[in-house]
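*Asks:* Dropping a prediction and its sequence here:
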Amino acid sequence: CAVCLRRNPHKTIECAATRTWDGQYEVFSKRIHKCLWTKLRKQICTAWQRDEWCNTPKHDSKHLCSGCRATTHGAQRCSRAQK
């Protein structure tokens, strides 16, 4: 899940978690109308969160990890994600 970083299947679009899967961190992002947003109202690329990543440079500013804010990886490769 790009919101709580949990690997167990659930609908990310319905995830209302306030903390990551292990309770260690406050979540950084949330889903609004099928889009992923930071709590500071900046849209995040959902494709970047997947293992395949996003290949378009057209919106590099949206390439942030939804779990830790890093620009080097997405949620699936985040060290905070459930293994």
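*Replies:* Nice, I can see it.
*Asks:* ok, the most centrally placed residue in the chain to Lys11 distance?
*Replies:* Geometric centre of the chain, nearest residue: Ser66, 2.7 Å, by CA atoms, centre = their mean. Distance, Ser66 to Lys11, by CB to CB, to the nearest Å: 15 Å. All C-beta atoms are positioned from the backbone trio N, CA, C, and that covers glycine.
*Asks:* Quick check: Leu5 touching Gly23?
*Replies:* No. Using CB atoms under 8 Å, Leu5 is not in contact with Gly23, being 11.3 Å away.
*Asks:* and these two? which has more neighbours close in?
*Replies:* Ranked by neighbour count (other CB atoms under 10 Å), Leu5 and Gly23 place Leu5 first, with 29 against 10.
*Asks:* Name the nearest residue to the more buried one, ignoring sequence neighbours.
*Replies:* Excluding its sequence neighbours, the residue lying closest to Leu5 (CB to CB, 6 or more residues apart in numbering) is Ala81, at 4.2 Å.
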